[in-house]
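Visitor: the sequence isn't on hand, but the structure is:
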């Protein structure tokens with residue numbers, strides 16, 4: 001509930017006015033039976049037409065006021081719900097931007113989508129229904145019982161007993177529903193995960209002819225969800241049946257007992273009409289409230305899931321002493337790793353240990369090593385996608401953990417291992433790195449990245465890009481990703497295995513163009529192929545998270561056995577490919 005109050009606080013005025021409107025609606029609805037009783041008891045009994053006309057005018061006025069209250073209340077509830085839903089989604093999105101990869105793993109992408117869309121929708125629905133159908137119930141019960149007591153004390157106690165029976169049943173059923181709805185949301189998470197895997201992995205599924213297996217897996221997920229949903233609907237059925245049974249018993253009791261009390265001279269005929277309408281109104285609101293209350297456990301589960309995201313402390317946070325990122329070209333050394341190490345929270349062994357090297361302006365540093373040696377993790381440490389668990393990473397001799405993350409990343413251009421393009425145009429993707437980029441600047445970046453194929457496309461820079469760049473080949477996506485990074489004037493350029501999809505000629509041309517284009521910046525290349533890094537100013541050889549060698553290509557061929565093994569294996573592979581071709 002605290003999580004919801006946080007978003008309600010800015011709208012206190014609207015909330016108060018909405019409750020006031022609801023009170024007018026309830027008061028108008030309950031005033032009408034009193035007027036009907038007076039018309040029957042006094043107007044009909046004494047044939048007083050003037051009184052009946054007066055009461056009729058009052059009834060019309062009460063109905064119009066009550067109806068206006070209902071419409072205005074519905075409008076205010078819908079508006080308030082829309083604003084709260086918007087604020088919650090914005091808060092979830094803003095929070096997700098602060099998450100590291102490890103933070104996302106705590107929840108899962110499918111679950112984050114469910115929480116942002118489905119869970120917020122349920123909270124919005126529950127909020128509207130609670131205001132419209134639950135909050136008026138206490139007012140309706142209290143005012144209705146008071147009006148019943150004003151007519152006949154015995155009938156007042158009858159309405160109290162009827163209300164208590166329905167409420168006790170509601171509490172019992174609501175507790176049982178809470179556990180079911182918690183499972184229901186977990187099953188919905190599972191459905192989203194399986195759906196996402198089936199959509200994104202459709203080519204793999206078809207390649208291995210696993211369609212029947214995936215169909216069974218999907219069917220099992222839906223069946224689990226359906227089973228819980230059926231159990232929830234059974235609770236709805238039980239509560240609705242009990243409420244209608246109680247309503248009918250109450251009406252029969254009022255008519256039977258009321259008839260006896262009229263015969264005894266304790267009540268009048270019009271009083272039975274009023275009491276019946278009071279009972280029907282109270283029970284109607286109670287039934288509607290029960291339909292909502294039984295959904296509140298589900299909304300409460302959704303709120304807890306939303307709160308879990310909003311209250312999660314990100315792994316990566318700006319330090320207490322926030323520094324500005326270094327000014328352009330401050331020192332020769334752009335970045336330094338000082339006995340840096342990193343271990344994942346759930347790992348038994350460290351991924352990286354004892355890293356000690358520097359990235360200098362105007363120099364290219366390359367990192368090579370076997371799969372799983374920790375090459376890409378170094379790039380993530382520089383960008384603070386992860387934080388070192390020992391030692392430090394320094395920029396301008398300042399620990400990057402003391403810098404604002406946005407300021408740090410503003411001075412780094414990054415090409416990820418998996419090239420990713422956003423839906424839009426090629427120009428939109430290039431401007432992702434520099435919003436006000438001119439066409440001349442974009443053409444220059446494309447030229448350096450060897451992405452001249454763009455000019456041969458019918459639309460040129462305005463060519464549409466599908467989500468993820470699905471309408472381009474792997475090599476084209478890599479070159480466009482490199483061009484995007486080159487649009488940014490950065491102190492450090494990081495290329496995380498960004499040349500793997502390029503042929504040898506394109507690779508060589510790109511490296512030559514790159515060397516002359518970023519002479520005032522440090523360049524870090526993470527590579528699998530030695531021929532990509534032979535001209536690097538320093539090459540760092542990683543093995544099991546440790547530095548196994550550091551130097552130039554010729555030096556490492558003489559002094560580093562691991563580098564020698566990599567060179568030999570790649571030479572044999574190239575010779576084998578040459579013979580086959």
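Guide: Yes, it's here. Not measured: the values here are computed from a predicted model. Numbers count the residues shown, from 1 in each chain.
Visitor: okay, the closest residue to residue 498 other than its chain neighbours and residue 440: tell me how far apart.
Guide: Using CB to CB, 6 or more residues apart in numbering and skipping the chain neighbours, the partner closest in space to residue 498 is residue 415 (4.2 Å). No exception for glycine: its C-beta is placed from N, CA and C like everyone else's. For residue 415, the distance to residue 440 equals 22 Å [CB to CB, to the nearest Å].
Visitor: neighbour-wise, which of the two wins?
Guide: The neighbour comparison of residue 415 against residue 440 (other CB atoms under 10 Å) goes to residue 415, with 24 against 8.
Visitor: got the residue ranges for the strands in this structure?
Guide: Listed in chain order, the strands of the chain (DSSP state E) span 333-342, 352-360, 364-369, 390-395, 398-399, 412-415, 424-425, 464-465, 492-496, 522-526, 538-543, 546-551.
Visitor: which pLDDT value goes with the nearest residue to residue 421 once chain neighbours are set aside?
Guide: Once flanking residues are discounted, residue 421 sits nearest to residue 469: 3.2 Å by CB to CB, 6+ apart. Looking at residue 469, its pLDDT is 84.
Visitor: can you check residue 420 too?
Guide: 84.
Visitor: centre-most residue in the protein?
Guide: residue 116 (3.4 Å; CA atoms, centre = their mean).
Visitor: which residues does that residue contact?
Guide: Counting by CB atoms under 8 Å, 6 or more residues apart in numbering, residue 116 makes contact with 89, 92, 93.
Visitor: wait, which of these is closest to residue 221?
Guide: Proximity of those to residue 221 (CB to CB) peaks at residue 92, which lies at 23.9 Å.
Visitor: ok, the closest one - contacts?
Guide: 112, 115, 116, 120, 306, 309, 310.
Visitor: re the thing from before, and the residue nearest to residue 498, how far is that from residue 295?
Guide: 48 Å.
Visitor: repeat for residue 568
Guide: 67 Å.
Visitor: which one of the two has more residues nearby?
Guide: Between residue 568 and residue 295, counting by other CB under 10 Å, residue 295 is the more crowded of the two (20 against 11).
Visitor: output the lowest mean pLDDT helix or strand found in this structure.
Guide: Within the chain, no helix or strand scores below helix 45-46, which has a mean of 60 by mean pLDDT, DSSP states H and E.
Visitor: how is the chain partitioned into domains?
Guide: Here the domain parsing of the chain from automatic domain parsing is 2-310, 321-411+526-581.
Visitor: how far away from the center of its chain is the last one?
Guide: By that I understand domain 321-411+526-581. Relative to its parent chain, domain 321-411+526-581 has a centroid offset of 33 Å by CA atoms, centre = their mean, to the nearest Å.
Visitor: what average pLDDT does that domain get?
Guide: pLDDT averaged over domain 321-411+526-581 gives 83.
Visitor: same question for stretch 110-126.
Guide: The model assigns stretch 110-126 a mean pLDDT of 86.
Visitor: cool, and stretch 172-181?
Guide: 72.
Visitor: any idea how far residue 27 is from the nearest residue to residue 30 once chain neighbours are set aside?
Guide: Take residue 30 and drop its neighbours on the chain: the residue closest to it by CB to CB, 6+ apart is residue 143, 5.2 Å away. Look at residue 143 and residue 27: by CB to CB, they are 7 Å apart.
Visitor: and if you look at residue 386?
Guide: As judged by CB to CB, residue 386 and residue 27 stand 61 Å apart.
Visitor: of the two, who's got more company?
Guide: residue 386 (22 against 16).
Visitor: isn't that one right next to residue 100, touching?
Guide: Yes - counting by CB atoms under 8 Å, residue 100 is a contact partner of residue 386 at 6.2 Å.
Visitor: which residues are in contact with each of the two?
Guide: 315, 316.
Visitor: could you pull out the helices for the stretch 451-581 of the chain?
Guide: 453-456, 474-486, 504-517, 553-559, 561-580 (DSSP state H, counting those that start in this stretch).
Visitor: make TSV out of those and add distance to residue 159.
Guide: Below are the helices of the stretch 451-581 of the chain laid out as TSV (distance: least, CB to CB, whole Å):
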stretch	distance to residue 159
helix 453-456	77
helix 474-486	71
helix 504-517	83
helix 553-559	91
helix 561-580	86
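Visitor: among those helices, which is nearest residue 316?
Guide: helix 474-486 (21.4 Å).
Visitor: now that closest one against strand 492-496, angle please.
Guide: 160 degrees (axes from the mean of the first three to the mean of the last three CA atoms, to 10 degrees).
Visitor: so what's residue 304 scoring on pLDDT?
Guide: So residue 304 comes in at 86 (pLDDT).
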